[in-house]
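Q: just coords:
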């Protein structure tokens, strides 16, 4: 262990001297968390909408007022000609336009149905779908209000039966997407940093020609591997501490579960990232190759892990591929600890899967690295 300790000390001295690597280790994760924490917001509010009011009556104005009052829409403009709507849609100023027909107030007063045209900008599909659903719900709600008013005016004191759902939202009562995204950012940052640093740290030895010096030194292969991997394992624990502190104190995302269990289960995930980093170092000749190869492993994991895109919405063949993605299991663990306060009994399956993947990947990478050394 004395030899391993010297290698670890050597690694930290190299990291301290490399200012670019120092920035990547300590400032890049915080910067990524801040950017993604504010930018990666799935809460769709204040959707710009433009109205073409061809009726210009009290009824049409009352209908328009329902939209900004809901909190989901912001009134961009109200025009009186249909062709004026095109400019707002074409220039991306509003993904939604609603045309109120002439005679709307007269028809509703005469108990006739009215067709309201909704124009949606399909180029912004997510906002368009959500906006269309919200607009439809507001239209139905407005229709029910008219119906209730007519019934009560015709029969004073009439009690209209209705079903009122009592909604209880567990784990994330405010439905803040930030509470869902930031734990995933922690997992992504941990994967990128540990995998990238491991691969670059070993490849850099090849570029500088110091790997040959280590090989001819009285350091055994397993001691060299331990000395190379342990510093990045410790750095990974520091990254978890920094990111959790920023998430809790900077974004107000609470850790409802055990913080000690978080630190206890994170190494099972780091086994896979360190193993992949070690494997990348054996197939790369320089740092540029190592970075490109690491991106080849990182990007598919982010896409297939459920970090942003729900796995349930993927085709069945792709859903099957997600079972070999370690990040998928770690996201379940970290979100369960952050949001649900679950224990090891609820996370046992994911922990066992990470242990199997981690030991297999790290073991194969060590065998390949030892063969390279020999």
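A: All right, it came through fine. From a predicted model like this one, the values you see are computed outputs, not experimental measurements.
Q: and the longest helix belonging to the chain, what does it pack onto?
A: Longest helix in the chain, counting residues (DSSP state H): helix 177-208. Using 3 or more C-beta pairs under 8 Å, 6 or more residues apart in numbering; DSSP states H and E, the elements in contact with helix 177-208 are helix 2-17, helix 19-26, helix 28-39, helix 210-216, helix 221-245, helix 259-283, helix 287-304, helix 326-335. No exception for glycine: its C-beta is placed from N, CA and C like everyone else's.
Q: quick one, which of the ones you listed is packed in tightest?
A: Among the helices and strands packed on helix 177-208, helix 326-335 has the highest mean neighbour count (mean count of other C-beta atoms under 10 Å), at a mean of 25.
Q: contacts for that helix?
A: Residues outside helix 326-335 that contact it (C-beta atoms under 8 Å, 6 or more residues apart in numbering): 180, 183-184, 186-188, 191, 262, 265-266, 268-269, 272-273, 301-302, 304-307, 311, 322, 347, 350-351, 353-354, 357-358, 361.
Q: residue ranges with poor pLDDT in the protein?
A: Scanning the chain for pLDDT under 70 picks out 1, 3, 39-43, 157-160, 211-219, 221, 371-374.
Q: Which segments of it make up each domain?
A: For the chain, automatic domain parsing gives the domain ranges 2-40+176-373, 47-154.
Q: so can I have CSV of those domains showing distance to residue 169?
A: Listed next are the domains of the chain as CSV, based on distance: least, C-beta to C-beta, whole Å:
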stretch, distance to residue 169
domain 2-40+176-373, 11
domain 47-154, 17
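Q: all helices for the stretch 1-150 of the chain, in order.
A: 2-17, 19-26, 28-39, 58-70, 85-90, 104-109, 125-154 (DSSP state H, counting those that start in this stretch).
Q: right, and those - which one's nearest residue 294?
A: Taking C-beta to C-beta, helix 19-26 is the member of these nearest to residue 294, at 12.4 Å.
Q: any idea of the angle that closest one forms with helix 2-17?
A: Per axes from the mean of the first three to the mean of the last three C-alpha atoms, to 10 degrees, the angle that helix 19-26 makes with helix 2-17 is 100 degrees.
Q: Would you mind giving the helices of the stretch 1-150 of the chain as JSON lines with distance to residue 172 added?
A: Supplementary listing: these in JSON lines, determined by distance: least, C-beta to C-beta, whole Å:
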{"stretch": "helix 2-17", "distance to residue 172": "37"}
{"stretch": "helix 19-26", "distance to residue 172": "30"}
{"stretch": "helix 28-39", "distance to residue 172": "15"}
{"stretch": "helix 58-70", "distance to residue 172": "21"}
{"stretch": "helix 85-90", "distance to residue 172": "34"}
{"stretch": "helix 104-109", "distance to residue 172": "40"}
{"stretch": "helix 125-154", "distance to residue 172": "18"}
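Q: nearest to residue 205, of these?
A: helix 2-17 (9.2 Å).
Q: and that closest one, what does it pack onto?
A: Counting contacts by 3+ C-beta pairs under 8 Å, 6+ apart, helix 2-17 is packed against helix 19-26, helix 177-208, helix 221-245.
Q: quick check: angle from it to helix 221-245?
A: Going by the same axes, to 10 degrees, helix 2-17 makes 50 degrees with helix 221-245.
Q: Make CSV from the helices and strands packed on helix 177-208 and add distance to residue 103 to it.
A: Rendered in CSV, the data for the helices and strands packed on helix 177-208 read as follows (distance: least, C-beta to C-beta, whole Å):
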stretch, distance to residue 103
helix 2-17, 74
helix 19-26, 65
helix 28-39, 45
helix 210-216, 83
helix 221-245, 59
helix 259-283, 62
helix 287-304, 51
helix 326-335, 52
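Q: for those helices, which one sits closest to residue 170?
A: Nearest of the helices and strands packed on helix 177-208 (C-beta to C-beta): helix 326-335, 13.1 Å.
Q: mind listing what's buried in the following helix or strand past the closest one?
A: Downstream of helix 326-335, the next assigned helix or strand under DSSP states H and E is helix 348-373. Neighbour counts over helix 348-373 (16 or more other C-beta atoms under 10 Å) mark 350, 351, 353, 354, 355, 357, 358, 361, 362, 365, 366, 369 as buried.
Q: Could you find the closest non-adjacent residue to the third one?
A: Right, the one you point to is residue 353. residue 329 (4.9 Å; C-beta to C-beta, 6 or more residues apart in numbering).
Q: ok, the one you found to residue 279 distance?
A: Counting by C-beta to C-beta, to the nearest Å, the separation of residue 329 from residue 279 is 19 Å.
Q: cool, residue 191 as well?
A: From residue 191 across to residue 279, the span is 14 Å (C-beta to C-beta).
Q: cool, residue 179 as well?
A: Separation of residue 179 from residue 279 (C-beta to C-beta): 34 Å.
Q: ok, now residue 143?
A: Using C-beta to C-beta, residue 143 is found at 61 Å from residue 279.
Q: cool, and residue 87?
A: The gap separating residue 87 from residue 279 is 55 Å, by C-beta to C-beta.
Q: Need phi/psi at residue 175.
A: For residue 175, the backbone dihedrals (degrees, to the nearest 10) come out as phi 50, psi 40.
Q: Hmm, residue 169 and it touching each other?
A: Yes. In this structure residue 175 lies within contact range of residue 169 using C-beta atoms under 8 Å: 6.2 Å.
Q: Neighbours of residue 310, how many?
A: As a burial measure, residue 310 scores 7 neighbours (other C-beta atoms under 10 Å).
Q: any idea how far residue 298 is from residue 289?
A: Distance from residue 289 to residue 298, counting by C-beta to C-beta: 15 Å.
Q: Looks like residue 53 contacts residue 98 (just checking).
A: No. Residue 53 is beyond contact range of residue 98, at 9.1 Å (criterion: C-beta under 8 Å).
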